[in-house]
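Q: whatever this is, show me its structure:
(2 chains)
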Amino acid sequence: MVNEHFPIYMLAILLVNAAIFSAFTKLSFRFLKRVVVVNLLLIWIMGVSLFVKVVRDGAFRYNFGDWHQAVGVQFYVDELAVFMMMFILTLSNLIIIYSLKDIEHEIESKQFARYYTLVFLMIFSMLGLTFSNDMFNMFIFMEILSIASCSIISIKNSKGSTLASFRYLILNTLGSLSVLMGIALIYMVTGQLNMNEIHGEISVIWKYYPTNIMMALAFIIIGFGTKAAIFPLHIWLPDAHSVAPTPSSALLSGIVVKVYIFAIIKLLFRVIGVEIVGELGIPTAIAYLAAIGTILGSIFAIAQKDIKRMLAYSSVAQIGYIFLGVGLATKAGLEFAMFHIVSHGLIKTALFLSAGAIIYQTEKRDIRKLDGIAYEMPATMMVFAIAALGMIGIPGTSGFMSKIFLGSVVLQEGKAFYLFIIILSSFLNAFYYMPIITSAFMKSDSEAKVVNDKIPRRMVVPMVIVIFLSIAIGFYPQLITEIIEIAVDSLL
Amino acid sequence: MGTPHSVILLWVPALFIAFGLFEILIIPFLDDNHRIVRRISVSVFIFFSTLLIMLTYKEVLNAPIVYRISYIFGKGIYFKIDLLNYTLMVFSGFMWFVVGIFSFKDIKKRERERTFYFFYILTYISTIGTMMAGDLLSFFLFFEIMTFSSYALMVHYRGEKVLEAGKEYLYMGIIGGLFILSGILITSAYTQNYEWADLAEKLATPGMAKYLVAGLFIAGFGIKAGMVPFHFWVPKVYKEAPICVNAVSSGVMTKVGAYGILRVATVVFPIAFSGIGASSKVLLETTANIGGAIIWLGIISMLVGVFLALIEGDMKKMLAYHSVSQMGYIIMGIGVAAYLGSAGARGFVGSVYHMINHGIFKALLFMVAGIVFFSTEEMSMYKLGGLWRKKPFVAFLALIAVFGITGVPGFNGFISKSILHGAIVDAYQYGNPVFRYAELAFKLASAGTVCSFIKFYGFIFLGKGDIEVKEGFRQLRMMVPMSILAAVTVIIGLWPNWILDNLLIPASTSFYYNPSFVQQYISNIDFWKSKEIVSAIITYAAGFGIFVLGIKYHLFHMHLPKWISAERVIYHSVTDLCEELPNFCVKRYEKPLVFGDVIIYAILLTSILAYFVFSQLW
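A: Purely as a prediction, here's the structure:
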């Protein structure tokens, strides 16, 4: 039953749904919710079966309309892509289930249908980005993703969100243009758009046209770096992620940024190849930027007063970790990057969702006003606390395994300096997460009684599942490391 | 010895953790109507889990019990019970049980009692876990859980001041954890392994890295142990914590830090490496160097702790400083154990023995301070006095504890201190003569301790005092655990050889210490030799002399200048920087960064392109 057409079916279902939502805006929200849930479940089940198929039978290429790969559109569904797909689908499903309740609180009711249109478009384009094996298609999906995220940031219709989304739009357009420029430069020398074809050509011709390729790489890295918020280009992220509705903050911070990182990994190591990239010194530069970003992201996070803004800056720091893994440009480094993509995705999602729940119940966004909040919403704050401990890297959470992996990877590479950066950054993480936890749990007014959270159960359950997944990976990292190993093998 | 029995034995760690988790799970469901049930369940759990561990004695004596749980943390973790951690685990169980009885009266915030016992049990489990852990990762897991759950115990009373002190404890705990984590990472990078054992051989190769690793571990564990210069959290947080938390923290949790140093000094760098070759020679040399450093760290802790205790008027803070000082004794013993290699048995036995003894009498002292505080609402020693008339039994118990800590013959402190003294004598006899000064410092610290406790006892219980004692304060149930601790103090003091023969001597021989040396210096030790007693008397005389001088010249009210405080130099400099710098950065740079987004993009792109073009030209 599972066949090679599954990726297409999934994309089609997502796209059709998005179209339906936007066409029939008069549908009642209850009905809309059912459609969303049923479709997501369907997609998820398809995703799981595709995942199982690829892991069992190996990767396959899918040529649209049986055109040859040099001219046609091609999907390459390998272990890496299905792994990323499972990550995207699982996490976004949980976030969307959470959003069904939370979104009523966040935006006007006439926007619901539009919101889910955008969400489905985002998932559609993210899946497309992971699967597509030619540069042009990748660019298209990337554009769809950028525009959808931009609209979702501005959906609240407030002054701040419009400003943030406008800035996001400008920078991301610049980024897209850069990428397009890079693609054009590569096309200029290779005459190919398909990744495999380019890879075949480029190893031969890069000696003849080094300047071209270097300029192309510079454009592409800057372009994707803007979208993935690598250090000096992260400036749009805190604004955008903090003004968006909470579920979309989680989507943006937990998944969308990771998809761009995934695209960078694919471009650097699959299209260009690790030898050429290494020769150009690009990974080293990325690693330096990542190290600076890790520290500065944390430093900026410490001084934030708005909880979601703080989480957004923390994302900048954590993205630094991931790029550090990419910048090592070794198998172990990339394995770590993939692992941390998942680990940070889970933890940051849990943090954003619990922060959203706090805002949902109490309307408090200022971290100085969270005293004793754990007595009002114990389950939420438990999730928040565990996730924050995960960010610091306390054993038992996936954050700890990330830190252990990254630490041993950098030491194996003999770059002990980065270990210092990691440890320092963990301390800084502790410095902005611990005060929230302690004031929430310890600073109660007089004789506070513990009461149950007043948020709907449909918001609590996804948070708990996310944090549970993080703990499971924290104790049994091989749940995902085994597949990551196979996947990264195919990359290098 | 049937099959079921051995099955149980093999599963001790799993059983312990399973029961512990079960206990943790049921405590939240026992609400305040079931207070009695909750307390009984806490006591019963601690009692039976200790019993469970004790059951393994015969097996542990033969060979360490190893229990492996595969797949956790990727490579799997394992637990290992050998005689060293067996001793400490039984001791911790005993302490937790006794202090648990005390806590029934002590814990005042009744509505939070449930939280307290939840974290009390969690801390107990994690403490046992750290001791039982056979590899570095599981050790670190339990160590961090211990830091966080004991933080919750420390700040049980909440409030601004308490939380401020607790913050210091927490941050120091996290910093210590990060030190240890870096140590673990560097070690594992060289050895590809997270196990305590097996590390030795591979660590013989790298150059300075092993000293870096040792330094990181010692700093990390030293923070937990309250070693100078990381001692400042101890008085600060003890002042605000409940009495029973002081007792378990000073009694057991600081010992976990010392235990960690001991493990690092003796297992990661084992004293008698089995092979004879270049690598073992390097290792022995390394261990000796590290051991020497640890001895001096211990000596410094001893002296600084005692000095700060002498000029402290607050009962709890003074006892806290004495914890620092007594940890100095233990750390010094550990140093000797590593420094002398196979001849360091006296250091090993003495430090482990002193961990136990110090735990017992220090818990008792904290309880005495607690009772004095409960009945008078006064913490400052200088305002108290003459309490022996109103509370004769407490005064009697306090006297036993004071005799214990000052090392009066016949009490437990005397036993371990004379072994430790022997150890430092060994250090200059068999090692470097420079340790003669260390021995002098040791004697000075002992005299200071005596002086300090003359002051403690004199100001609180003797003399004339008109402080009011609250009527109707029911202390009877608190007397039970205190009497148990006092009895143990005396029993160990009078019959010290029981613990030595059954636990510590086998442990030391299993650690590759030279058996004939152990035989000569420890097995046949006679604590009632006139020489030892005379030296105790001399120490007492010196202590009394310092006391007289101190009273005469008002030395006890001395205030140290602010700049010398380690808290200011180490802790506040870091936290201030971490608070100020971000505010400054955000104020100064956030806006320009945000609004200069396109410029940054353009600059970056041009500079990278320029870099490429230029690198191409050359």
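Q: where does pLDDT dip in the chain?
A: Because you didn't say which chain, this covers chain A. Across chain A, residues meeting the criterion (pLDDT under 70) sit at A:1-2, A:445-449.
Q: that's the wrong chain, I meant chain B
A: B:1-10, B:108-110, B:192-207, B:267-280, B:471-474, B:615-618.
Q: domains in it, by residue range?
A: B:136-560, B:570-617 (automatic domain parsing).
Q: a markdown table for those, including mean neighbour count?
A: Any C-beta I mention is one placed from the backbone N, CA and C, and that applies to glycine too. A markdown table is the format used below for the domains of chain B (neighbours: other C-beta atoms under 10 Å in any protein chain shown):
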| stretch | mean neighbour count |
| --- | --- |
| domain B:136-560 | 21 |
| domain B:570-617 | 14 |
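Q: for these, give me a markdown table that also has distance to A:Ala216.
A: Below are these laid out as a markdown table (distance: least, C-beta to C-beta, whole Å):
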| stretch | distance to A:Ala216 |
| --- | --- |
| domain B:136-560 | 36 |
| domain B:570-617 | 10 |
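Q: of those domains, which approaches A:Phe24 most closely?
A: Each of the domains of chain B has some distance to A:Phe24 by C-beta to C-beta; the shortest is domain B:570-617, at 38.1 Å.
Q: on that earlier part again, quick one: closest of the domains of chain B to A:Ile386.
A: domain B:136-560 (11.0 Å).
Q: chain center to the closest one: distance?
A: With C-alpha atoms, centre = their mean, to the nearest Å as the basis, domain B:136-560 stands 7 Å off its chain's centre.
Q: ok, back up a step: tabulate the domains of chain B (TSV), appending distance to chain A.
A: What follows is those, written out as TSV (distance: least, C-beta to the nearest C-beta, whole Å):
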stretch	distance to chain A
domain B:136-560	3
domain B:570-617	4
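Q: quick one: closest of the ones you listed to A:Ile486.
A: Per C-beta to C-beta, nearest to A:Ile486 of the domains of chain B: domain B:136-560, 21.5 Å.
Q: span of the closest one from start to end?
A: 40 Å (C-alpha to C-alpha, to the nearest Å).
Q: which parts of the stretch 1-150 of chain B sit against chain A?
A: When proximity is defined by C-beta under 8 Å from any C-beta of the partner chain, the stretch 1-150 of chain B lies next to chain A at B:Tyr71, B:Ile72, B:Phe73, B:Gly74, B:Glu111, B:Leu137, B:Phe140, B:Leu141, B:Glu144, B:Ile145, B:Phe148.
Q: could you dump those to CSV with distance to B:Arg436?
A: Listed next are these as CSV, based on distance: C-beta to C-beta, whole Å:
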residue, distance to B:Arg436
B:Tyr71, 53
B:Ile72, 49
B:Phe73, 47
B:Gly74, 50
B:Glu111, 57
B:Leu137, 42
B:Phe140, 39
B:Leu141, 43
B:Glu144, 41
B:Ile145, 43
B:Phe148, 43
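Q: save the residues you listed as TSV, and put in secondary structure too.
A: Listed next are those as TSV, based on DSSP: H, G, I helix; E, B strand; the rest coil:
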residue	secondary structure
B:Tyr71	coil
B:Ile72	coil
B:Phe73	coil
B:Gly74	coil
B:Glu111	helix
B:Leu137	helix
B:Phe140	helix
B:Leu141	helix
B:Glu144	helix
B:Ile145	helix
B:Phe148	helix
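Q: what's around A:Val16, how many residues?
A: 13 (other C-beta atoms under 10 Å in any protein chain shown).
Q: swap in A:Asp66?
A: 7.
Q: mind telling me what element the closest residue to it other than its chain neighbours is part of?
A: Excluding its sequence neighbours, the residue lying closest to A:Asp66 (C-beta to C-beta, 6 or more residues apart in numbering or on different chains) is A:Gly72, at 7.6 Å. Per DSSP states H and E: A:Gly72 is located in neither a helix nor a strand.
Q: now do the same contact list for A:Gly72.
A: Listed by C-beta atoms under 8 Å, 6 or more residues apart in numbering or on different chains, the contact set of A:Gly72 reads A:Asn63, A:Phe64, A:Gly65, A:Asp66.
Q: if I look at the residue nearest to A:Ile205 when sequence neighbours are not counted, how far off is chain B?
A: Counting by C-beta to C-beta, 6+ apart, A:Val189 is the residue found nearest to A:Ile205 once chain neighbours are left out, at 5.9 Å. From A:Val189 across to chain B, the span is 15 Å (C-beta to the nearest C-beta, to the nearest Å).
Q: next, count neighbours for A:Val189.
A: 19.
Q: and if you look at the one 3 residues further on?
A: Using other C-beta under 10 Å as the criterion, A:Gln192 is surrounded by 21 other residues.
Q: also A:Glu482?
A: 12.
Q: put the alpha carbons of the helix or strand that contains it into CSV.
A: Using DSSP H and E, A:Glu482 falls within helix A:478-491. Extracted in CSV, the C-alpha atoms of helix A:478-491 (Å, rounded to 0.1, in the frame of the first residue of the first chain):
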residue,chain,number,x,y,z
GLN,A,478,19.5,5.9,20.6
LEU,A,479,15.8,6.4,19.8
ILE,A,480,16.9,8.9,17.3
THR,A,481,20.7,8.6,17.1
GLU,A,482,20.5,5.3,15.3
ILE,A,483,18.5,6.7,12.4
ILE,A,484,20.5,9.9,12.5
GLU,A,485,23.7,7.8,12.0
ILE,A,486,22.3,6.1,8.9
ALA,A,487,21.0,9.4,7.6
VAL,A,488,24.2,11.3,8.0
ASP,A,489,26.1,8.5,6.4
SER,A,490,24.2,9.1,3.3
LEU,A,491,25.0,12.7,3.4
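Q: all set now, cheers.
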